[in-house]
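# have a look; sequence and predicted model below, questions after that.
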Amino acid sequence: MPGVVVIGGGVAGLTSALALSRQGWEVTVLEREASAGPADLEGAFSRWSRRGVPQARHSHAFLARLRNLLRDRAPDVLAALLDNGVTELRFTENPPPEIDDPGPRPGDEDLVALACRRTTFDWVLRRCVEASPGVSLVPGAAVEGLAGVPGTRGRVPRVTGVRALAADAGRGRDASLELPAELVVDASGRNSRLPSWLAELGVSGWAEESEDCGILYSSRFYRLLDGVEPPPQDGPIGGDLGYMKYAVFPGDNRTFSVTFGLPTGDSAMRPLLQPGPFQAAASALPVTRAWVDGVTAVPITDVAAMTKLRSRMRRLVVGGLPVVTGVVPVGDAAVHTNPLYGRGCSLAVAHAFAVADVAGAGNPASEAAAVALDHIIASDLEPWYRVSVAQDLQERAAWERDHGDRDSLGTLLGGDAPPAEDLMRSIVRDGLLPAARTDAVVLRAFLRGLNLLSSPTAFMEDPDVAARVLAVWQERDTRPAAAVEGPTKDEFLGILAAAA
Ligand SMILES: Cc1cc2nc3c(=O)[nH]c(=O)nc-3n(C[C@H](O)[C@H](O)[C@H](O)COP(=O)(O)OP(=O)(O)OC[C@H]3O[C@@H](n4cnc5c(N)ncnc54)[C@H](O)[C@@H]3O)c2cc1C
């Protein structure tokens, strides 16, 4: 009997396989990369070829939403991560020094993220999936297209399986493979070829939208030297200098990474993609300096860069009607956004568990199931897509206003920046963020949103929190401007030039 075929063995594909197999499905995961991965996690970090997942070489935040899903639905995976040196980051244990009430509160047990390298996460998850009854993982199998039944009058087209090229070690060449499936899960990531596969089947009319993130990512990993404690983490280990964003990401096994997010239009900052200027820059910022000073930690990788970052959302139900059944995009194949927000893996894991719940309710290839599967995107992923794209546009508009020409600002926002967008930005910057430094109630609301435990707008929908935020916002002109910790852009360019 056909089971479920999952295309791609990344976070979304592996979690889908785990969750679906626990609902009783036989699952086959086809992963294009041939390497099953090194035997140990440090090998996974330094030697695992992940050409299909280039972001594995970049910093990853694993938010409380993801950690709590593992705690509640896959405790064996969470335990395996912790056994392999991943640590839990308890956000409320070190509140800002100015907070009005530093004591614990109900719900704090949910505000816990994971300090973990992406390669460690995938390596551990993959081992858990490989050990799961009901899952067969096929490395070196690249899906080339879908099999399906065309639509007829009154019936939408239905996907019935996949076509793949699989490494055939016995014959020393790739062999064609056709696998029937009750449900095909497309978890092939941000470069999914689902649109062309659907078009080949004669399917049309799905909904897709996309927007440039406007940033370029530059990351490097470090390891703490033996016997050295990490610098104190009693405040944000990151910041926004206007011309650039940066952060330190704690990892597993005494590793951490530093990432710079640069506006794509700013070629003057490109030296940051080289090790010398990267190190000089990290040493120049007050927040990162203590981490990279050479007596605390040493770099363990070169500098990795990632460009052409776009946000995208794809939906197979339009106007309440499915354009195809028997296939569902999950994780980045359905929705991906600016990586700076650190939400992709958490949303992918949440998406995978929700898809398994729908499939577990029976007949996942029905039109009713297609609508239920799409509802997951509409209710849980789309709000984050919308808020990410809106924030990217506001950030770029602000950057253009400060550094670029006003014409491109107009193009970006279709005229002058709409007052509502500016207002929301101001409420976050001049109300929510300062209030979260002093008010324990607002801090919790802020952390819940940051960790995807509430909706993007929840802090303004709770009357108590909204009143506290607005009270701080209304005093914005009477407060001294928050000091920007770091060099001016001209000083920073000088630092880069001296190190180039
Ligand atoms: C620079 C950067 C930084 C990021 N930082 C964060 C962060 O801090 N926190 C966070 O949560 N998220 C972050 N993200 C997002 C996160 O990496 C993604 O959301 C996550 O990888 C999505 O998982 P996925 O399984 O959908 O896709 P992927 O992880 O991309 O996996 C897709 C898999 O499918 C395989 N595949 C592709 N095509 C085929 C095919 N035809 N046949 C078979 N297999 C195929 C690939 O080889 C790959 O293994 C970041 C992203 C980027 C780009």
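All right, it came through fine.

# C-alpha from now on. contacts and neighbour counts both.
Will do.

# quick check: domain ranges of the chain?
Under the assignment automatic domain parsing, the domains of the chain span 4-60+117-210+310-387, 215-308, 392-474.

# so the first one, near the ligand or not?
So that's domain 4-60+117-210+310-387. Yes. With C-alpha under 6 Å from any ligand atom as the criterion, the ligand is reached by domain 4-60+117-210+310-387 at 7-13, 30-33, 52-53, 55, 58-60, 141-144, 187-190, 331-333, 339, 342-346, 348.

# pLDDT on that domain, on average?
The average pLDDT within domain 4-60+117-210+310-387 is 94.

# burial count for the residue of the stretch 51-200 of the chain found nearest the ligand?
Nearest residue of the stretch 51-200 of the chain to the ligand (C-alpha to the nearest ligand atom) works out as residue 60 at 3.0 Å. Other residues lying near residue 60 total 28 when counted by other C-alpha atoms under 10 Å.

# so it: helix, strand or coil?
Secondary structure, DSSP: H, G, I helix; E, B strand; the rest coil: residue 60 is coil.

# now do the same contact list for it.
116-118, 249, 342 (C-alpha atoms under 8 Å, 6 or more residues apart in numbering).

# skipping adjacent residues, who's closest to residue 52 in space?
Leaving aside its chain neighbours, residue 52 sits nearest to residue 33 (7.2 Å; criterion: C-alpha to C-alpha, 6 or more residues apart in numbering).

# for the one you found, grab the count of nearby residues.
20.

# shouldn't residue 35 be within a helix?
No. Residue 35 is assigned coil when assessed by three-state DSSP, not a helix.

# go ahead and confirm it touches residue 141.
No. At 10.8 Å, residue 35 does not count as touching residue 141 under the criterion of C-alpha atoms under 8 Å.

# helices of the stretch 201-350 of the chain, residue ranges please.
Along the stretch 201-350 of the chain, the segments classed as helices by DSSP state H, counting those that start in this stretch run 275-284, 286-292, 344-360.

# is any residue of stretch 263-277 near the ligand?
No. Applying C-alpha under 6 Å from any ligand atom, one finds stretch 263-277 out of contact with the ligand, separated by at least 13.3 Å.

# dead centre of this structure: give me the residue that sits there.
residue 344 (2.1 Å; C-alpha atoms, centre = their mean).

# for that one, give its distance to residue 149.
According to C-alpha to C-alpha, to the nearest Å, residue 344 and residue 149 sit 32 Å apart.

# against residue 366, how distant is the closest residue to residue 151 other than its chain neighbours?
In space, and not counting its chain neighbours, residue 151 is closest to residue 157: 3.8 Å by C-alpha to C-alpha, 6+ apart. Distance of residue 157 to residue 366, computed by C-alpha to C-alpha: 11 Å.

# what of residue 58?
For residue 58, the distance to residue 366 (C-alpha to C-alpha) stands at 39 Å.

# between these two, which one's more packed in?
Neighbour count, other C-alpha under 10 Å: between residue 58 and residue 366, residue 58 has more, with 23 against 18.

# so for the nearest residue to the more buried one once chain neighbours are set aside, what's the pLDDT?
In space, and not counting its chain neighbours, residue 58 is closest to residue 219: 5.5 Å by C-alpha to C-alpha, 6+ apart. Looking at residue 219, its pLDDT reads 96.

# element containing residue 29, please.
Assigned by DSSP states H and E, residue 29 belongs to strand 27-31.

# one more: residue 161?
Going by DSSP H and E, residue 161 is part of strand 158-168.

# with residue 498 instead?
helix 489-499.

# dump that helix to CSV, restricted to CA.
Taking C-alpha atoms only, helix 489-499 is exported to CSV below (Å, rounded to 0.1, in the frame of the first residue of the first chain):
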residue,chain,number,x,y,z
LYS,A,489,29.4,54.0,9.7
ASP,A,490,32.4,56.1,8.6
GLU,A,491,34.5,54.8,11.5
PHE,A,492,33.3,51.3,10.7
LEU,A,493,34.4,51.6,7.1
GLY,A,494,37.8,52.8,8.3
ILE,A,495,38.1,49.7,10.4
LEU,A,496,37.2,47.4,7.5
ALA,A,497,39.7,49.3,5.2
ALA,A,498,42.5,49.0,7.7
ALA,A,499,42.0,45.2,8.0
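
# what's the angle between it and helix 275-284?
Here helix 489-499 points in a direction 140 degrees away from that of helix 275-284 (axes from the mean of the first three to the mean of the last three C-alpha atoms, to 10 degrees).

# which residues sit against helix 489-499?
In this structure, residues lying in contact with helix 489-499 by C-alpha under 8 Å, 6+ apart are 243, 268-269, 271-272, 276-278, 280-281, 284.

# try 6 Å
276-277 (C-alpha atoms under 6 Å, 6 or more residues apart in numbering).

# thinking again about what came up before, quick one, which of the helices of the stretch 201-350 of the chain gets closest to residue 180.
Residue 180 sits nearest to helix 344-360 of all these, at 16.3 Å, using C-alpha to C-alpha.

# pull the residues that contact the closest one.
Helix 344-360 is contacted from outside by 12, 15-16, 19-20, 23, 66, 331, using C-alpha under 6 Å, 6+ apart.

# got the CA coordinates for it in CSV?
The C-alpha trace of helix 344-360 is given here as CSV (Å, rounded to 0.1, in the frame of the first residue of the first chain):
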residue,chain,number,x,y,z
GLY,A,344,12.4,29.2,9.6
CYS,A,345,13.2,26.0,11.5
SER,A,346,10.6,26.6,14.2
LEU,A,347,7.9,27.2,11.6
ALA,A,348,9.1,24.2,9.6
VAL,A,349,8.8,21.9,12.7
ALA,A,350,5.4,23.4,13.6
HIS,A,351,4.3,22.9,10.0
ALA,A,352,5.5,19.3,9.9
PHE,A,353,3.6,18.3,13.1
ALA,A,354,0.4,20.0,11.9
VAL,A,355,0.6,18.3,8.5
ALA,A,356,1.0,14.9,10.2
ASP,A,357,-2.1,15.7,12.3
VAL,A,358,-4.2,16.3,9.2
ALA,A,359,-2.7,13.2,7.5
GLY,A,360,-3.4,11.2,10.6
